[in-house]
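[1] Got a predicted structure here, sequence first:
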Amino acid sequence: MLKEERQAFIMKQINLHNKVLSTDISAMLSISEDTVRRDLKEMAEEGKVLKVHGGAIGRSFHYPFDEGNSVYAQAAKKQIAEKTLKLLKNDMVVLTGGGTTMIELAKAIPVNLRATFFTISPLVALQLVEHPNLTVITIGGQLSRSSHIHIGASVINQLSEIKVDLCLMGANGFSIQDGMTESDWEVVQVKRAMLRATNKMAILSIAEKLNSSQRMKVCDLNQINYLITELEPDNHFLGAYQHLDLQLF
């Protein structure tokens, strides 16, 4: 495989999953980790990605408010945000994760919505607090350098003390076979705590992320109430999910 093809593949994986590990790319492409590290170093020097321990993350994810960074699949994420608004009602208590889709949602919330939002993402909190009728509460702890959400025992303890009407979360991996999956064990623990803290769970995901799996399991799909993508619910691509006990938006 040519260097340009390798780097295009790496960039695609970063766009979809926000972060890649050198070991995973090495296994996917059957190349040495040294080759992957050289590619990531070159891509970082060109300003395409940010290197982190063991891999790399996308610039648009790391700096979502930098207008010089384009958000991957932003039009689709805006569609998902508009669909998600159907689930939001006055006086609800909502819990959110982080990520660029969640930021698009925070931007789209109508100014007249009256609700309380808990979030583990300081970036989402900064966007939510612009709305005059929202009460915004951050669940604090150690800030993950790669995912920009709060992680750790203090976050899990705080989540154990609340019960919300609706939780809105992104998915790094989502498939019929493996359920919802993640690449970071600390993030898995926080997402599991978020599941325990809510009455209803909605996953917001661009369709490209469906039918993909990461290393670590968060939950089975029977724990998810809503799956929101940019596609129409009857789209043939969602065929396998149309027979599950979850509502498609």
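    Sure thing, it's come through. Numbering: from 1, shown residues only.

[2] Go ahead and confirm residue 1 touches residue 31.
    Yes. With contact defined as CB atoms under 8 Å, residue 1 and residue 31 form a contacting pair (7.5 Å). Using the backbone N, CA and C atoms, a C-beta is placed for each residue, glycine as well.

[3] so which strand or helix has residue 186?
    helix 185-196 (DSSP states H and E).

[4] Poorly predicted segments of the protein, please.
    Scanning the chain for pLDDT under 70 picks out 60-69.

[5] Which secondary structure state does residue 174 sit in?
    strand (DSSP: H, G, I helix; E, B strand; the rest coil).

[6] hang on, isn't it packed against residue 182?
    No. Using CB under 8 Å, residue 174 makes no contact with residue 182, being 10.4 Å away.

[7] any common contacting residues for the two?
    Common contacts of residue 174 and residue 182, defined by CB atoms under 8 Å, 6 or more residues apart in numbering, are absent altogether.

[8] need the contact list for the nearest residue to residue 169 once chain neighbours are set aside.
    Counting by CB to CB, 6 or more residues apart in numbering, residue 97 is the residue found nearest to residue 169 once chain neighbours are left out, at 4.3 Å. Going by CB under 8 Å, 6+ apart, residue 97 touches 119-121, 124, 149, 167-170, 191, 194.

[9] Swap in 10 Å and give it another go.
    119-121, 124, 147, 149, 167-171, 187, 190-191, 194, 203-204 (CB atoms under 10 Å, 6 or more residues apart in numbering).

[10] Kindly state the domain boundaries assigned to this protein.
    3-62, 74-248 (automatic domain parsing).

[11] quick one on the thing from earlier: buried set for the helix holding residue 186?
    For helix 185-196, the neighbour count (16 or more other CB atoms under 10 Å) marks 186-195 as buried.

[12] Tell me the one of those nearest residue 84?
    Of all these, residue 194 has the smallest distance to residue 84: 16.0 Å, by CB to CB.

[13] Distance check, that closest one against residue 24.
    Here the criterion is CB to CB, to the nearest Å. By it, residue 194 lies 25 Å from residue 24.

[14] Please apply the same query to residue 209.
    15 Å.

[15] what's the burial count for residue 50?
    19 (other CB atoms under 10 Å).

[16] Against which helices or strands is the helix or strand it falls within packed?
    Here residue 50, judged by DSSP H and E, is contained in strand 49-52. In terms of contacts (3 or more CB pairs under 10 Å, 6 or more residues apart in numbering; DSSP states H and E), strand 49-52 is packed against helix 3-17, strand 19-21, helix 33-45, strand 55-58, helix 59-62.

[17] re the thing from before, and the contacts of residue 97, which of them are buried?
    119-121, 124, 147, 149, 167-171, 187, 190-191, 194, 203-204.

[18] from these, which ones fall inside helices?
    Taking DSSP state H, the ones among these that sit in helices are 124, 187, 190-191, 194.

[19] Cheers, nothing more for now.
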